[in-house]
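**Student:** Sequence plus the predicted model coming up.
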Amino acid sequence: MSDAPKPPDGAARRRRADGRQDLLVREEPLLLVLADQQLLTMRTPGRDADLALGFLLGEGIVTDPAELLEARPVPGCAELQRVDELHLTLRRPPGPLARARLARTHELRSSCGICGLTDAAAILDDLPPLLPGVPRLPAARIATLVDALTRRQPLFAATGACHGALIADAHGTVLGAGEDVGRHNALDQAIGQAARAGADFARAVAVLSGRAGFDLVVKCLRLRLPVVVSVSAPSALAFDLCEGAGATLVGFARGDRHTVYCGAERLAPGP
């Protein structure tokens, strides 16, 4: 019997060509079943309930965590070639707008949510405006939040192949965090956990381990979450969405340096 320690949750041990063993992140399918819709994603198993709730909130399918009555897992079976499923029951059936969003999201992937749309403003479906100047975030706290995200990425430390996301308040209190092989899944996990904790997203900050793409930014804006911080660059569409919504977008947040792309009025000097 091998004396090798058990891999951390979300990782699997594999033997490389040179004979050494390595830890690799797990990437497995999950089928979300909601009403008459089936949505397939590749995810790292372990946080499926948070992922599903965060997805529903970030896509605007529900606006309150209490609208999700049940998330019932149905384990997959390799012999029957059946993937893991999560059956979601809502308090009331999805309305026309929610169904339209689900119809655009056949898979939860980096291209989801924009198929058939040509106007950036249409992506947000005329959401209410963000609270002006809220929250007031000390600029020096950005580095603290990025460090908090790094400390919550054990899978990345073990495999080097994961994305992470974090939701915090302006005081630096972490409300939710996620880590997954998919960028959008990591953010959905963080949103789901934060929602269960009663987070006030309108006064929250999102921190992303990779680039700030439109698919992540739009999830935040649908929640009226006004500050998005990324350790890498934003895309042009993400910038357009944030600037148009009056959100704060910060990129290249590394150490005590960062670049403010828009919404600088929310950042205060000092610790």
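**Tutor:** Everything's here; your move.

**Student:** who are the neighbours in contact with the spatially closest residue to residue 256 that is not a sequence neighbour?
**Tutor:** Excluding the flanking residues, the one nearest residue 256 by C-beta to C-beta, 6 or more residues apart in numbering is residue 143, at 5.3 Å. (C-beta placed from N, C-alpha, C; glycine too.) Applying C-beta atoms under 8 Å, 6 or more residues apart in numbering, we find residue 143 in contact with 253, 255, 256, 258.

**Student:** For this protein, which residues score under the pLDDT cut-off?
**Tutor:** Within the chain, the set of residues satisfying pLDDT under 70 comprises 1-4, 104-123, 125-126, 270-271.

**Student:** need the strands for it, in chain order.
**Tutor:** 11-15, 21-25, 28-34, 37-43, 68-74, 84-90, 137-138, 163-169, 174-180, 204-208, 227-230, 248-254, 257-262, 267-268 (DSSP state E).

**Student:** what's the spacing between the residue nearest the centre of the chain and residue 212?
**Tutor:** For the chain, the residue whose C-alpha lies nearest the mean C-alpha position (C-alpha atoms, centre = their mean) is residue 187; its distance is 1.1 Å. Here residue 187 is placed at a distance of 11 Å from residue 212 (C-beta to C-beta, to the nearest Å).

**Student:** Residue 182 too?
**Tutor:** Distance, residue 182 to residue 212, using C-beta to C-beta: 15 Å.

**Student:** Which residue of the two possesses the greater neighbour count?
**Tutor:** When residue 182 and residue 212 are compared for neighbours, residue 212 comes out ahead with 27 against 21, by other C-beta atoms under 10 Å.

**Student:** Return the distance of the more buried one relative to residue 18.
**Tutor:** According to C-beta to C-beta, residue 212 and residue 18 sit 37 Å apart.

**Student:** Ok, residue 246 next?
**Tutor:** The span separating residue 246 from residue 18 equals 53 Å under the rule C-beta to C-beta.

**Student:** Could you check which of those two has the larger neighbour count?
**Tutor:** When residue 246 and residue 18 are compared on other C-beta under 10 Å, the one with more neighbours turns out to be residue 246, at 17 against 6.

**Student:** what residues are up against the more buried one?
**Tutor:** For residue 246, counting by C-beta under 8 Å, 6+ apart, the contacting residues are 129, 130, 132, 226, 263.

**Student:** next one: phi and psi at it?
**Tutor:** The phi/psi pair for residue 246 (degrees, to the nearest 10) reads phi 80, psi 30.

**Student:** now the helices for this structure?
**Tutor:** In the chain, the segments counted as helices under DSSP state H are 48-58, 96-104, 120-123, 141-151, 154-159, 183-196, 214-222, 236-245.

**Student:** could those be laid out in a markdown table, adding distance to residue 7?
**Tutor:** Putting the helices of the chain into a markdown table (distance: least, C-beta to C-beta, whole Å) gives the following:
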| stretch | distance to residue 7 |
| --- | --- |
| helix 48-58 | 19 |
| helix 96-104 | 35 |
| helix 120-123 | 39 |
| helix 141-151 | 20 |
| helix 154-159 | 8 |
| helix 183-196 | 19 |
| helix 214-222 | 28 |
| helix 236-245 | 34 |
